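Below are the sequence and a predicted model for it; my questions follow.
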Amino acid sequence: FRVVALPGDGIGPEVMAAACALLEAVAERFGVDFDVEELPVGGVSIDAHGVPLLADVLERCFTADAVLLGAVGGPKWDSTDPDAPRPEQGLLALRKGLRLFANLRPVRLSPALADASPLRASVVSGADMVVVRELTGGIYFGDRARRNGVAHDTCVYSVEEVERIARLAFELASSPARRGRVTSVDKANILETSRLWRET
């Protein structure tokens with residue numbers, strides 16, 4: 001399997017080293033071959049190439065069997081200059097270019113950490129859910145600008161984007177391991193995009 005490793009910034013290289021060590025152990029144990037190619041993304045790509053994601057890196061990711069991402073960003077690249085490249089732009093370009101429209105965040109409580117929760121153990125005991133977040137629409141990808149001391153970020157969703165993420169959430173909820181419930185969180189009392197979500 002051809003794997004593209006994108007260690008990125010901050011703790012990313014450390015996380016990636018551990019992930020690659022795990023791949024080596026899997027390869028040895030199960031007789032699988034992993035050809036891992038490490039490429040720059042985020043701040044390290046800005047430092048080396050002036051942009052957070054090279055077109056060639058995106059193309060290699062698109063044709064790989066798997067992509068591993070460490071982390072992007074850090075204080076070194078923080079700026080209020082709207083024209084300055086930011087590491088997070090590399091992450092957004094990866095999401096869009098690879099059509100990664102869903103972020104899946106499973107939530108389970110480790111019994112050893114029950115007392116560390118700000119909620120009573122009896123409330124969080126048995127917590128088992130998946131947060132499904134849409135990643136390629138909305139405010140991150142809408143029009144943005146700044147002029148004469150005024151800034152705007154436009155939140156845009158299409159019916160197709162909402163249907164796609166909702167379909168995934170319902171498929172996950174209907175699997176035998178889940179409880180069969182989906183909760184949609186929005187701000188439909190104010191936002192037109194949230195009203196579109198509810199209608200869809």
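Ah, there it is. No experiment lies behind these values; they were computed from the predicted model shown. Numbering: from 1, shown residues only.

mind listing the helices for the protein?
Assignment of helices within the chain using DSSP state H yields the ranges 12-30, 43-49, 55-63, 87-97, 121-124, 159-173, 192-199.

weakest of those helices by average pLDDT?
Least confident of the helices of the chain, judged by mean pLDDT, is helix 121-124 with a mean of 85.

Please identify the buried residues of it?
Residues of helix 121-124 include none that count as buried (16 or more other C-beta atoms under 10 Å). Placement of C-beta: from N, CA and C, glycine included.

same check, this time on stretch 76-83
Neighbour-count burial for stretch 76-83, counted by 16+ other C-beta under 10 Å, picks out residue 77.

could you dump the helices of the chain to TSV with distance to residue 107?
Below are the helices of the chain laid out as TSV (distance: least, C-beta to C-beta, whole Å):
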stretch	distance to residue 107
helix 12-30	20
helix 43-49	29
helix 55-63	28
helix 87-97	21
helix 121-124	9
helix 159-173	13
helix 192-199	21
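
quick one: average confidence on stretch 70-85?
For stretch 70-85, mean pLDDT rounds to 93.

Do me a favour and get the end-to-end distance for that stretch?
19 Å (C-alpha to C-alpha, to the nearest Å).

Quick check: phi and psi on the residue of the chain positioned farthest from its centre?
Relative to the centre of the chain, the most outlying C-alpha is that of residue 148, 33.1 Å out, by C-alpha atoms, centre = their mean. Dihedral angles of residue 148 (phi, psi; degrees, to the nearest 10) stand at phi 50, psi 40.
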